[in-house]
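Chemist: What shape does this take:
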Amino acid sequence: MKSFIHQLPKAELHLHIEGTLEPELLLTLAERNRIELPYRSVEEVQAAYRFTNLQSFLDIYYQGAGVLQKEADFYALTWAYLKRVARQNVKHVEIFFDPQTHTDRGIAFETALTGIFSALQTGRQELGISFRLILCFLRHLSAEAAMSTLEQALPHRDKIIGVGLDSSEVGHPPEKFVHVFDRARAEGFLTVAHAGEEGPPEYVWEALDLLKVERIDHGVRSLEDPKLVERLKAQKVPLTVCPLSNVKLRVFDKMADHNLKQLLGQGLCVTVNSDDPAYFGGYLEENYRAVWEALDLSRDELAQLASNSFTASFLPDGKKEHWVQEIRKLC
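Modeler: A predicted model of the protein is given here:
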């Protein structure tokens, strides 16, 4: 079954590029950019990567992002991720980046964007991995700050396909960003949002009704609301679920408690993703293996998850169908 998982063509739709900063690269960039960190070794960094909830993770996540200073740093970060997932038979990625994490510390919007986008282009040319890039607003900051970030993105609509919403969910409902998302859609951006991870099902409703998103990132708490489940099924709204992340951040105590199989059984368009893999203990293939082992998923269920990853993507229909057919050949 491990071989089958590896052979499955896969797309990743919920990946924060800043969350792929492995301890080795973190220390290398800190030294190169002369940034003091409270860690002296890879082991010390790894020991710090232990979290009790979303906020405790975000604290170290933002600290780690501080080593990203130059265009070359963002390129190195993205290229390292792409090389790793190419070995896991990942064929398409739709990655998030958080401009405010960088602009708020004096790094130009274009510095981060150019470094990331250039690496994605290299990945397409050298590794055959297609891509889409999605800008995320930090929900713990103001709607005005998000609007300013959106305006910085407008000259780069040829590189950025959509906008999303991430960071601390509890206490920052989607309704806070209605006007920003209205403007983003009017400017031609697709929209997604984190909802229903630590936040309640009501946040999923708001993301759908107020932000008019096309995908829900996480959404695991949707099962608490049967009417919401029916809507997600009827409208075929994808959920970009991140199993190892959910366990690491204590959304579920252990993988055997995860509701991914239930979501799949309800007929929802569930996908598997890695979220912030450097911090959560696994990239895409490790997430597939974890849910297979803990939830006793069948070959058909694993193939469905892989097919869903392409169906839920922002690829053209012809590309989606190509990869779905490739998956069927393995079954």
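Chemist: So which residues of the stretch 51-200 of the chain form strands?
Modeler: 90-97, 130-138, 162-166, 190-195 (DSSP state E, counting those that start in this stretch).
Chemist: which parts of the lowest-mean-pLDDT helix or strand in the chain are buried?
Modeler: Ranked by mean pLDDT, DSSP states H and E, the helix or strand of the chain with the weakest confidence is helix 54-65, at a mean of 80. Residues 54, 57, 58, 60, 61, 62, 64, 65 are the ones in helix 54-65 that count as buried (16 or more other CB atoms under 10 Å). C-beta: built from backbone N, CA, C; applies to glycine.
Chemist: who are the neighbours in contact with the third one?
Modeler: In this case it means residue 58. Residue 58 is in contact with 167, 168, counting by CB atoms under 8 Å, 6 or more residues apart in numbering.
Chemist: quick one, longest helix in this protein?
Modeler: Longest helix in the chain, counting residues (DSSP state H): helix 109-127.
Chemist: which element is residue 285 on?
Modeler: helix 284-295 (DSSP states H and E).
Chemist: In CSV, list the C-alpha atoms belonging to that helix.
Modeler: Written as CSV, here are the backbone C-alpha positions of helix 284-295 (Å, rounded to 0.1, in the frame of the first residue of the first chain):
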residue,chain,number,x,y,z
LEU,A,284,2.1,15.1,1.4
GLU,A,285,3.0,11.4,1.2
GLU,A,286,3.5,11.2,5.0
ASN,A,287,0.0,12.6,5.4
TYR,A,288,-1.4,10.0,3.1
ARG,A,289,0.4,7.2,4.9
ALA,A,290,-0.7,8.5,8.3
VAL,A,291,-4.4,8.5,7.5
TRP,A,292,-4.1,5.1,5.7
GLU,A,293,-2.5,3.5,8.7
ALA,A,294,-4.7,5.1,11.4
LEU,A,295,-8.0,5.1,9.6
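Chemist: other SSEs contacting that helix?
Modeler: helix 2-7, strand 10-16, helix 243-248, helix 260-265, strand 270-272, helix 299-311 (3 or more CB pairs under 8 Å, 6 or more residues apart in numbering; DSSP states H and E).
Chemist: before we move on, the earlier item: now the buried residues of helix 54-65 in TSV, with distance to residue 97?
Modeler: What follows is the buried residues of helix 54-65, written out as TSV (distance: CB to CB, whole Å):
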residue	distance to residue 97
54	19
57	17
58	15
60	18
61	13
62	14
64	14
65	10
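Chemist: Just the closest of those to residue 154, please.
Modeler: Closest approach to residue 154 among the buried residues of helix 54-65 (CB to CB): residue 65, at 23.6 Å.
Chemist: wait, isn't that closest one in contact with residue 103?
Modeler: No - taking contacts as CB atoms under 8 Å, residue 65 lies outside contact range of residue 103: 11.6 Å.
Chemist: pLDDT below threshold where in the protein?
Modeler: For the chain, applying pLDDT under 70 flags no range at all.
Chemist: Run a quick neighbour tally on residue 221.
Modeler: By other CB atoms under 10 Å, the residues close to residue 221 number 20.
Chemist: how near is the closest residue to it other than its chain neighbours to residue 219?
Modeler: Counting by CB to CB, 6 or more residues apart in numbering, residue 196 is the residue found nearest to residue 221 once chain neighbours are left out, at 4.2 Å. Taken as CB to CB, to the nearest Å, the spacing of residue 196 relative to residue 219 amounts to 4 Å.
Chemist: do you know which of the strands of the stretch 51-200 of the chain lies nearest residue 229?
Modeler: strand 190-195 (14.1 Å).
Chemist: buried set for the helix or strand following that closest one?
Modeler: Sequence order places helix 201-209 as the next helix or strand after strand 190-195, per DSSP H and E. Under the neighbour-count criterion of 16+ other CB under 10 Å, helix 201-209 has 201, 202, 203, 204, 205, 206, 207, 208 buried.
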